[in-house]
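**Q** One predicted model, sequence on top.
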Amino acid sequence: MEPTVSIVKCKDINNLQDIEEALRKGLDLIGGLETTICRGDTVIVKPNLIKPAHYKTGITTNSILIKAICKMTREEGAKRIIIADGSAVGYNTEKAFDETGLRDIAKDVKAELVNFKKSEWIPVPIPGGKVIHRIKLPRIFLEADVVINVPVMKTHDVFPATLGLKNIKGVIQEEDKKRFHKWGLSQAIVDLNKVAFPDITIIDGTVGMEGLGPTHGDPVNLGIIITSKDTVAADTVAATVMGINPMEIEYVKLAKEQGLGCGDISKIEVVGEKLNSVIRPFKQVRLDFSKYRERGIFIHEKGACSGCRHTMEALISNLEREGNLDILKGYSIIFGQLVHIPDKLEGELVNIGVCTKKYKDKGYYIPGCPPHPKDITLFFQEKRKK
């Protein structure tokens, strides 16, 4: 049976009535909320609250959409509604509740606010896990009857896009968020979804983000909502809308291959708006590393996956934006599955990612698959202090 993904347009993305109307239409097109929620259920609504920021920046989920979801969930007889997330490492979830307006919204709709970072954690085995075999998840998440996942359509510093599958990473402990990069980020995300797969994914395309996502890019006022009970299918459609090949997003590709959902756009029933009518290519960072040689920064890449490529592009773009690019000066940086140490080494050698581990004795080594851009930045900052 083909999965169904709905695409609906919203007249006014800042108006509750218009968002409710669009959301109701989108949910009805995939069978209606009543096919998922039963009277007396506990429902978790999981937005993207990566950092304290207003939804108009494109960084966080539209809080008006969250309010509409809560209202409709209550209409279906949910007894307990919980808005819950855990911000990115180093950010304060409580401040995110304030900045997004969700604290006031929760009061209006009689929902609870839960900061996953303060949760009671339960170890859960992952059947079929490839890089993770057990992980701790919040008790409140595990005990919920229904999970509604509400990510934002954004580009990302490691992947071409961050969407539904990636948004579930917000439920885990901060230390595990760091470990995911060491274990292999894409497969870790897929393994997590094997035990934390949401019941409904509602992708917020009212305001997305392009360029230096997920927090430093430019807002995209797309005005759409994408909904499905198959998160892989929802991500596949959303990526297509963004002008991105879904199979270039490694976690979507792996999720498809491992049977978490449908990643073949030809086998997905898209209802509501015609797919071709809403495609709007999102700008992505694309750098020519060779141009930095004149600044004394020597970058060598061969056979790199999109993870390491995006990581390095985001790293350099962020450093340029901040005026700190010179911390890379005097280094030869190599990454990729097929890369070799240059015959003529210019500056100190830095090996990026697990694919260069074989050269770790020849220079400095930053592990990860891929390493987080912040970890790479921290390495070079520490080197400059010495």
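**A** Great, that's in hand.

**Q** CA only for contacts and neighbour counts going forward, please
**A** Fine.

**Q** Just confirm F289 contacts I299, I think it does.
**A** Yes. In this structure, F289 sits in contact with I299. The criterion is Cα atoms under 8 Å, and the distance is 6.1 Å.

**Q** Tell me how many other residues crowd the residue nearest to P3 when sequence neighbours are not counted.
**A** Closest residue in space to P3, ignoring its immediate chain neighbours: I268 at 5.4 Å, by Cα to Cα, 6 or more residues apart in numbering. I268 sits with 19 neighbouring residues when counted by other Cα atoms under 10 Å.

**Q** dump the residue contacts of L212.
**A** For L212, the contact set (Cα atoms under 8 Å, 6 or more residues apart in numbering) comprises 155-157, 218, 284-285, 314, 317-318.

**Q** Which one of those residues is nearest to K107?
**A** Nearest to K107 among the contacts of L212: D218, at 30.8 Å, using Cα to Cα.

**Q** Who are the contact partners of the closest one?
**A** D218 sits next to 57-58, 209-212 when contact means Cα under 8 Å, 6+ apart.

**Q** Okay, and which of those map to strands?
**A** 209-210 (DSSP state E).

**Q** Out of the contacts of D218, which one has the lowest pLDDT?
**A** Within the contacts of D218, pLDDT reaches its minimum at L212, with 93.

**Q** how close does that residue sit to E250?
**A** Spatial separation of L212 from E250 under the definition Cα to Cα, to the nearest Å is 18 Å.

**Q** what do you get for E120?
**A** With the distance defined as Cα to Cα, E120 ends up 31 Å from E250.

**Q** I327 now?
**A** If you measure I327 against E250 using Cα to Cα, the figure is 30 Å.

**Q** neighbour count winner among these two?
**A** E250 (21 against 17).

**Q** ok now do the more buried one, which residues does it touch?
**A** Under the criterion of Cα under 8 Å, 6+ apart, the contact list for E250 reads 159, 186, 306-307.

**Q** T93 now?
**A** T93 makes contacts with 49, 51-52, 85-87, 115, 117, as judged by Cα under 8 Å, 6+ apart.

**Q** could you dump these to JSON lines with pLDDT and distance to I203?
**A** As requested, the contacts of T93 are arranged in JSON lines below (pLDDT from 0 to 100; distance: Cα to Cα, whole Å):
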{"residue": "L49", "pLDDT": "98", "distance to I203": "14"}
{"residue": "K51", "pLDDT": "97", "distance to I203": "18"}
{"residue": "P52", "pLDDT": "98", "distance to I203": "19"}
{"residue": "D85", "pLDDT": "98", "distance to I203": "16"}
{"residue": "G86", "pLDDT": "98", "distance to I203": "18"}
{"residue": "S87", "pLDDT": "98", "distance to I203": "18"}
{"residue": "N115", "pLDDT": "98", "distance to I203": "21"}
{"residue": "K117", "pLDDT": "97", "distance to I203": "23"}
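
**Q** between those residues, which has the most around it?
**A** Scoring the contacts of T93 on neighbours with other Cα under 10 Å, the highest-scoring entry is L49 at 31 neighbours.

**Q** tell me the contacts of that residue?
**A** Counting by Cα under 8 Å, 6+ apart, L49 makes contact with 59-61, 85-88, 93, 96-97.

**Q** tell me the least confident of those residues?
**A** Pick the lowest pLDDT in these and you get A88, at 95.

**Q** Which residue, neighbours along the chain excluded, lies closest to that one?
**A** I50 (5.0 Å).

**Q** In contact with L102, which residues are there?
**A** L102 sits next to S63 when contact means Cα under 8 Å, 6+ apart.

**Q** From A234, how far off is it?
**A** With Cα to Cα as the criterion, L102 and A234 are 25 Å apart.

**Q** who's more crowded, F289 and I299?
**A** When F289 is set against I299 and neighbours are counted by other Cα under 10 Å, the residue ahead is I299, at 20 against 15.

**Q** picking up where we left off before, let's have the contacts of L212 in CSV, adding distance to I44 and secondary structure.
**A** As requested, the contacts of L212 are exported to CSV (distance: Cα to Cα, whole Å; DSSP: H, G, I helix; E, B strand; the rest coil):
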residue, distance to I44, secondary structure
T155, 25, coil
H156, 25, coil
D157, 27, coil
D218, 29, strand
Q284, 32, coil
V285, 34, coil
A314, 32, helix
S317, 36, helix
N318, 34, helix
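
**Q** Need the three-state assignment for I226.
**A** For I226, the secondary structure call by DSSP: H, G, I helix; E, B strand; the rest coil comes out as strand.

**Q** what's across from it in the sheet?
**A** When bridges are called by DSSP bridges, I226 pairs up with I7, I203.

**Q** what sits against it?
**A** I226 is in contact with 5-8, 26, 202-205, 234, 238, counting by Cα under 8 Å, 6+ apart.

**Q** Same check on L222?
**A** Counting by Cα under 8 Å, 6+ apart, L222 touches 205-208.

**Q** three-state assignment of it?
**A** Taken by three-state DSSP, the conformation at L222 corresponds to coil.

**Q** Return the distance of it relative to M209.
**A** In this structure, L222 lies at 10 Å from M209, with Cα to Cα as the measure.

**Q** Repeat that for A196.
**A** Using Cα to Cα, which is the criterion applied here, A196 is 25 Å from M209.

**Q** Tell me which of these two has more neighbours.
**A** For A196 versus M209, neighbours defined as other Cα under 10 Å are more numerous around M209 (29 against 18).
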